[in-house]
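*Asks:* Predicted model and sequence follow; I will ask about them next.
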Amino acid sequence: MYAKITAYNNDISNNGCSDFSMNVFWGDDYRNEFYLCGDLGRSTFEDVIETTTDATGQTKRVQNTSIERFNLSCVISTPLLQFLKSIDKCDNKILTFLDTGDSFNITNIDIEDSGDNLTPSNLVNIIFEDEPITKVSSVVYVDSENKLAYWDNDNDGTKDLNGEAEYQSGLDFFQSWQLYYEADGITPTASGDVSMFVYGERNGIESLIGIFRGAFGDAFSDSTKWQTTQSLHLYFSGTVGHTNVVTFNKRAFAEDNGYLSDEEEDRAVNVRLDLSIDGSERQPTTCALVYSVLGGFHQAKITNGSTFEYGYITLGKADEKNTIDTIQDVRQDTGSGASTLVTSPAASSLSNFSQLYTLAIAPSTTEFYYAGAFTTNGGYEAENGRGSLDASSFAISPDGVSPISQQQNILNFTVGATPYDINITWRYLREVGFPYAVANFPNLGNITAAGAVYIYLDGGLITNLPSILPGSQDVTGTNTITLPDTDVHTIKFTLTTNNGYEIFSEFQVQLKPLF
Amino acid sequence: MYLQRGTADNVDAPLGYMLLGVNVGVTQVTGDIVIQPEQDFSYYNKRFDKALKDGTITQAVYNAIINNQNASRQVYEIENDLTIDKEELLSLVDLHNVQNVDSGGTIAEIVEDIINENLQIVKKI
């Protein structure tokens, strides 16, 4: 058996770097490599019993851990021995079997050394572990003569191992179909004790939130069949049986039990359903994260035609508002250049998808250009440039009476529309109203040509808006913008007037797990 | 009360809210609730029980939902002669720059003007 040991420290840019040196330079990714020739020998086990002390002071075993250790016998010489004696001070220790190319991270290295001076032919035993072998989950015993339970996520009659349940977007529930077989895995069975374990999973941590135990024909909505603290029977429907569907309303479950995200906090969890019959190996299916969209969607304009009060309407999906955390809005007189900064809006609720923020009153008979920027309570940034003259607004932005539309769905959806499509109804306003019908924004100017209004995603042109013409005063439309992934992206509606002013609204958006 | 762009076919009034409409002669303002597709979950009707108890919906709305819900979305008339605050309605028209609304008209006429602009008036019941 031929092997190679490589040991080195992390470089200094790595926080895990060790400041270690001997007679030779060891730090900053310097590598030592030694080649060995010997016998891998037989592995041994060290048993470790972990205990805890209960309330009465008695010691209680909580876990047994077996650590496998390997014996490597090899002919060794002094420089190598020195290397090995200090090897534990290296951050990385890798054993490579040259015969197979297999590499292992090794740890807890012991050198069997009696202290004698070594000759070039001394035999030394090196004992090490590769990655520690620790029992992290309960032992599961599988009876090969037992019946078998599986999930069929797409109702095609074949088992789907460790897959995702089908999400019915619009109805907010997941569904999967049960398959139960005799031990041959082919013959359907019509009886047995069925268990379904329901786990909540988030960031790799899982917790059992309920167990259903029932026989064929029992309803998953039967509360007497459940052990749960979260009333899971309310959110399931269907009955136990081969090819029967099980449905789970994850949204209602999330709303009632605190797993529904809002713009400030992500509370969504995966819900995993493990199915078993007569104690068979549990088979999971996952009710995955359902994504919605958040962002700095807004319309800014004159909000009171009598007083010339101006402000913002922030928008979201129905029942999912985006609200303002901090704002800076500068109103600049297009004639004199004098400007006024407003940072303290008055907020009020408009609807289940919108919020109104009034800022100040624009003095009459004056044309203004506004430069606004805000951050939502979800952390998304938005900006705009717009104009006003008394009751008239000059702006391009999302429409203040239209909720943002997006088909909430799982990322690996099989039913419904993609969650990556965001439908935004926009509104172009360039009103020419009382009492300045002739004025027509003399300083700000006008759109340069028909359709010279554009939508950008992350700086890339998506489309222009041909329905907006130089004479247009009020135009609405809807465009679909497809986000490439779940990262933060920026959408911008913009035009530049023939007088060089940019009228625009720009906002960050992101797909986020809702439940 | 708020405005939402769309028609009664695609605007969902939340539980406890209705969509305003007008009668044939445009003399009265009507109110329609949206009954969402019934779902086969134990929690479903419990939510209406809870909404009735906490005052989110009236007994009439509760009965209308329970007695009429089925597999499809429905728009169901719950009021046929509503009294609406005209000033509140006109302030929404102003806030959202709704065009072609005759502010001197009757309330029913204003409601009709707004609906003709592809907008729905959503009002708490």
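*Replies:* Right, received. Where do you want to start? Numbers count the residues shown, from 1 in each chain, chains lettered A, B, ... in the order given.
*Asks:* CA only for contacts and neighbour counts going forward, please
*Replies:* Noted.
*Asks:* quick one: buried residues of the helix or strand of chain B with the lowest mean pLDDT?
*Replies:* In chain B, no helix or strand scores lower on mean pLDDT, DSSP states H and E than helix B:42-53, which sits at a mean of 92. For helix B:42-53, the neighbour count (16 or more other Cα atoms under 10 Å in any protein chain shown) marks B:42-43, B:45, B:48, B:51-52 as buried.
*Asks:* show me what contacts B:Ile121?
*Replies:* Going by Cα atoms under 8 Å, 6 or more residues apart in numbering or on different chains, B:Ile121 touches B:1-4, B:19-20, B:111, B:114-115.
*Asks:* what sits against residue 94?
*Replies:* Since you didn't name a chain, this refers to chain A. So A:Ile94 contacts A:5-7, A:103-106 (Cα under 8 Å, 6+ apart).
*Asks:* wrong chain, I was asking about chain B
*Replies:* So B:Asp94 contacts A:303-305 (Cα under 8 Å, 6+ apart).
*Asks:* how about 10 Å then?
*Replies:* Going by Cα atoms under 10 Å, 6 or more residues apart in numbering or on different chains, B:Asp94 touches A:302-306, A:391, B:88, B:101.
*Asks:* now B:Ala60
*Replies:* If you count contacts by Cα under 10 Å, 6+ apart, B:Ala60 has them with B:52, B:66, B:78-79.
*Asks:* circling back: buried only: go through the contacts of B:Asp94 for me.
*Replies:* A:302-305, A:391, B:101.
*Asks:* between those residues, which is closest to A:Glu281?
*Replies:* A:Thr303 (62.8 Å; Cα to Cα).
*Asks:* The closest one in helix, strand or coil?
*Replies:* Secondary structure for A:Thr303, judged by DSSP: H, G, I helix; E, B strand; the rest coil, is strand.
*Asks:* mind listing what it touches?
*Replies:* A:309-313, A:356-361, A:391-393, B:91-92, B:94-97.
*Asks:* pLDDT value on it, please?
*Replies:* A:Thr303 carries a pLDDT value of 95.
*Asks:* Report the secondary structure element holding residue 4.
*Replies:* Since no chain was named, I'll use chain A. Take DSSP states H and E as the rule and A:Lys4 turns out to sit in strand A:2-8.
*Asks:* nope, chain B please
*Replies:* strand B:2-5.
*Asks:* what's that strand packed up against?
*Replies:* strand B:17-22, helix B:86-95, helix B:107-116, strand B:119-124 (3 or more Cα pairs under 10 Å, 6 or more residues apart in numbering or on different chains; DSSP states H and E).
*Asks:* backbone phi and psi for the residue of the stretch 401-515 of chain A found nearest chain B, please?
*Replies:* Nearest residue of the stretch 401-515 of chain A to chain B: A:Val401, at 4.7 Å (Cα to the nearest Cα). Phi and psi for A:Val401, reported as degrees, to the nearest 10, are phi -110, psi 10.
*Asks:* how close does it get to B:Asn80?
*Replies:* According to Cα to Cα, to the nearest Å, A:Val401 and B:Asn80 sit 25 Å apart.
*Asks:* After the least confident helix or strand of chain B, which helix or strand is next?
*Replies:* On the C-terminal side of helix B:42-53, the closest following helix or strand by DSSP H and E is helix B:59-68.
*Asks:* what ranges do the helices span in chain A?
*Replies:* Listed from the start of the chain, chain A has helices (DSSP state H) covering A:78-85, A:250-257.
*Asks:* Lowest average confidence across those, which one?
*Replies:* When I compare the helices of chain A, helix A:78-85 is least confident, with a mean of 60.
*Asks:* got a list of what A:Val293 touches?
*Replies:* Here A:Val293 is in contact with A:263, A:316-317, A:320, A:404-408, A:419-422, A:486, A:509-514 (Cα under 10 Å, 6+ apart).
*Asks:* Skipping adjacent residues, who's closest to it in space?
*Replies:* Ranked by Cα to Cα, 6 or more residues apart in numbering or on different chains and with sequence neighbours excluded, the top spatial neighbour of A:Val293 is A:Leu511, at 4.4 Å.
*Asks:* Pull the number of nearby residues for that neighbour.
*Replies:* By the criterion of other Cα atoms under 10 Å in any protein chain shown, A:Leu511 has 24 neighbours.
*Asks:* Could you report the pLDDT at the nearest residue to A:Ile491 once chain neighbours are set aside?
*Replies:* Sequence neighbours aside, A:Leu457 is the residue nearest to A:Ile491 in space, at 4.7 Å (criterion: Cα to Cα, 6+ apart). If you check A:Leu457, the pLDDT there is 97.
*Asks:* If anything else comes up later, I'll come back, but that's it for now.
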